[in-house]
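Engineer: fold the following.
(chains A and B)
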Amino acid sequence: MTKAKLFTIFAALACSALGALGLSAPAQARLTIEVTGGVEAAQPIAVVPFGVSEGLIPKEDVAGVIAADLVRTGKFRALPTRDMMAMPSTAAEVDLRDWGLLKMNSLVIGRVEQEGSGYRVSYNLFDVVGGKEIASSSLSTTAGGLRLTAHRIADQVYEKLTGQPGVAASRIAYITANGRGEGQTVTLRVADADGSNPQTIVSSNEPIMSPAWSPDGRRLAYVSFENRRAAIYVQDLTSGRRDLVASYPGINSSPAFSPDGQRLAMTLSKDGNANIYVLNLQTRELTQLTDHFAIDTEPAWSPDGNDLIFTSDRGGSPQIYRMSTAGGPATRLSGEGDYNGRASYAPDGKSITMVTRVNGQFRIAVQDLARGFRKVLSDGGLDESPSFAPNGSMVIYATVQNGRGVLATAAVEGGGSQRISQDTGEVREPAWSPTMK
Amino acid sequence: MTPILTCPAPATARIAAGLIGPGLVLTLCLSGCAEVPQEPEPRQRMPPPTLDATPRATAPVASTEAPRPTYRGPWEDPSNPLYHRTIYFDYDSAEIKPQYLDVLRTHSAYLGTTPGQRVTLEGNTDERGTREYNLALGDQRAESVRKLMLAEGVSPGQMATLSYGEEKPAEPGHSENAWRLSRRVTIQY
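Structural biologist: Reported below is the predicted structural model:
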């Protein structure tokens, strides 16, 4: 008990010291995530503060990060540390009857040890009801990677208990806007899935739009209007180096990486009206896929790379169409509704998420491709930019709350929902990263 | 308006320097400067006096009056017909409404007689609908205006289009009025 409390205090001190030095992200850039809904029977779990080798002061509260990750899914409820009757950090110290008395279903314990200049983090997961250990593992990390390691442990625990991969170790790209007119600042940022560690990718007084992840999570494509012209850039997140890949007359819009990361689909209107093109990023060869006087835009690849879906108003109203990436005719995919747009595939390719208009309100829907069945997930009026979580369990999207742009997540089939806002300004156009390797 | 293909503005340089370092600055300069702005065509005809309220090519002249550095042309003079530079559209439409034909013809006539003058046709939409679709819709609106002005005799080299979609609303807020004012094309000199 004493050891754990000391650890918490030290962690808090370490964090505030970092803040004072300006090493953490500036306060105005912080994202706040609220859980706005969960499943009715969230499972009780105890994540005991991890033991720490003598003299070691890790920068992160590993157990706190894991517990918060699990709670955010809406499928778990974490036992407050103050209610714990024991603080085991090794399997030998665990008496599962203690946790049974507290009506826990599951128990996570662990420890952080020095390893070179980094850490070795070990954990054990127990099924309290079944009375046995069901998982254990050790992960090595650099000192700076401790938080990511905690997210990975949360994902392993989540998968063991739910059978579905977790998304705590993924990231979210998004656009923020502050001010208006000439004084406007638009910024493309990337934060961890829990809202922490926000980093600026590019910032401008002109609009920035349409962030899109490469399949390896290392690059972002986006549209920027800096110099008062529209252009598509691909930026490496590690080095910061970026390439200008499209800057034709007219619009340069909607970049989307192919599943193999070699090609970029995009919308260009260089020949007079908006059509879908595919750029080979190695050879720079540009192939035109659609040629229609209507608007064709918002391309998205199927996970197998064989098809593209896109929005077209060729039938009189914006609807989702599908065509082969080898070319050929396009067939309408969206069912009901007089406005369906900005679709993208679920990771398993079996459904798509899109913006749909219901009674004049723009909302987020998921359509099952085999059955054609459509389910509306949101209840706002100006909801847009939906993006599947890498495990397909949730969709993140932009919505308006009290007149201000915020992000929200909705579970596709059961699970929690969240609202994600920034201290100041608007947040919009979220794009959920692939799972980070 | 000066040609839009210029070297990075100070804002961009600041972004680049603060963000990523010399490598990016170089990338930006290469992309920004590779395309040399075209020289304005030589003036062949005199502009009509009614529209050209003040001399255009004013070299700096010693004067006792305070300079007017912000004045760039007759379109900035509220009493000049060129002052009206914005036309408005119906929802999800790129069709030019009849009441705006006069505005476009006035600018076409001015540009037709002022061959060195270039404009950017900026297309915008309201916030309803998806951002990328709206970018294409704003482009269609700008393109409608460009085609009409071409038919009115403006040379293709004098006009560029730029769609901002819903990214630059004329009015903040989520009202019918804000939407009506945001569905527009502005002729930027």
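
Engineer: what segments of chain A are helices?
Structural biologist: A:2-20, A:62-72, A:96-101, A:146-162 (DSSP state H).

Engineer: which of these comes out lowest on mean pLDDT?
Structural biologist: Confidence, taken as mean pLDDT, is least for helix A:2-20 of these (a mean of 35).

Engineer: how many neighbours does A:N402 have?
Structural biologist: Neighbour count of A:N402, defined by other Cβ atoms under 10 Å in any protein chain shown: 6. Using the backbone N, CA and C atoms, a C-beta is placed for each residue, glycine as well.

Engineer: now do it against chain B, distance only.
Structural biologist: 11 Å (Cβ to the nearest Cβ, to the nearest Å).

Engineer: for A:S210, which residues are in contact?
Structural biologist: For A:S210, the contact set (Cβ atoms under 8 Å, 6 or more residues apart in numbering or on different chains) comprises A:221-223, A:253-255, A:429, B:131-132.

Engineer: quick one: A:P347 and A:P390 touch, right?
Structural biologist: Yes: the pair A:P347 / A:P390 is scored as a contact, 6.0 Å apart, by Cβ atoms under 8 Å.

Engineer: how about stretch A:367-386 and chain B, touching?
Structural biologist: Yes: residues of stretch A:367-386 are located near chain B by Cβ under 8 Å from any Cβ of the partner chain, namely A:381-382, A:384-385.

Engineer: re earlier: more neighbours, A:P347 and A:P390?
Structural biologist: When A:P347 and A:P390 are compared for neighbours, A:P390 comes out ahead with 22 against 17, by other Cβ under 10 Å.

Engineer: pLDDT at that one, what is it?
Structural biologist: A:P390 is assigned a pLDDT of 96 by the prediction.

Engineer: that one is in contact with A:A168, isn't it?
Structural biologist: No: A:P390 lies out of contact with A:A168 (Cβ under 8 Å); the separation is 10.7 Å.

Engineer: shaky segments in chain B?
Structural biologist: Low-confidence segments of chain B (pLDDT under 70): B:1-69.

Engineer: how does it divide into domains?
Structural biologist: B:1-37, B:73-189 (automatic domain parsing).

Engineer: next: chain A.
Structural biologist: A:2-162, A:171-432.

Engineer: residues in contact with A:W432?
Structural biologist: Applying Cβ under 8 Å, 6+ apart, we find A:W432 in contact with A:167, A:170, A:172, A:193, A:213, A:387-390, A:396.

Engineer: still on that earlier bit, turn the contacts of A:S210 into CSV, columns for neighbour count.
Structural biologist: As requested, those are exported to CSV (neighbours: other Cβ atoms under 10 Å in any protein chain shown):
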residue, neighbour count
A:A221, 26
A:Y222, 23
A:V223, 28
A:S253, 28
A:S254, 32
A:P255, 25
A:E429, 25
B:R131, 27
B:E132, 30
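
Engineer: circling back to that earlier point, now for A:P347 and A:P390: what residues contact both?
Structural biologist: Common contacts of A:P347 and A:P390 (Cβ under 8 Å, 6+ apart): none found.

Engineer: mind listing what's buried along stretch A:173-181?
Structural biologist: Neighbour-count burial for stretch A:173-181, counted by 16 or more other Cβ atoms under 10 Å in any protein chain shown, picks out A:173-177.

Engineer: chain B: strands as residue ranges?
Structural biologist: B:86-88, B:119-124, B:159-165, B:184-188 (DSSP state E).

Engineer: so for chain A, which of the ones you listed sits nearest?
Structural biologist: strand B:159-165 (5.4 Å; Cβ to the nearest Cβ).

Engineer: helices and strands around that closest one, which ones?
Structural biologist: On a contact count with 3 or more Cβ pairs under 8 Å, 6 or more residues apart in numbering or on different chains; DSSP states H and E, strand B:159-165 meets strand B:119-124, helix B:131-151.

Engineer: okay, angle between the shortest one and strand B:159-165 too, please.
Structural biologist: Using axes from the mean of the first three to the mean of the last three Cα atoms, to 10 degrees, one finds that strand B:119-124 and strand B:159-165 are set 20 degrees apart in direction.

Engineer: just checking, A:F310 touches A:I276?
Structural biologist: Yes: the pair A:F310 / A:I276 is scored as a contact, 5.5 Å apart, by Cβ under 8 Å.

Engineer: mind listing the shared neighbours of these two?
Structural biologist: A:290, A:296-297, A:299.

Engineer: with respect to A:E115, which of these is nearest?
Structural biologist: Of all these, A:P299 has the smallest distance to A:E115: 45.4 Å, by Cβ to Cβ.

Engineer: what residues are up against the closest one?
Structural biologist: A:P299 touches A:254, A:256, A:265-267, A:276, A:289, A:308-310, counting by Cβ under 8 Å, 6+ apart.

Engineer: can you pick out the most distant pair from these?
Structural biologist: Pairwise across the contacts of A:P299, and taking Cβ to Cβ, the largest span is found between A:M266 and A:I309, at 14.4 Å.

Engineer: which one is the residue in the stretch 51-200 of chain A positioned nearest to chain B nearest to, not counting chain neighbours?
Structural biologist: Closest residue of the stretch 51-200 of chain A to chain B, Cβ to the nearest Cβ: A:R180 (6.4 Å). Spatial nearest neighbour of A:R180, chain neighbours left out: B:P172 (6.4 Å); criterion: Cβ to Cβ, 6 or more residues apart in numbering or on different chains.
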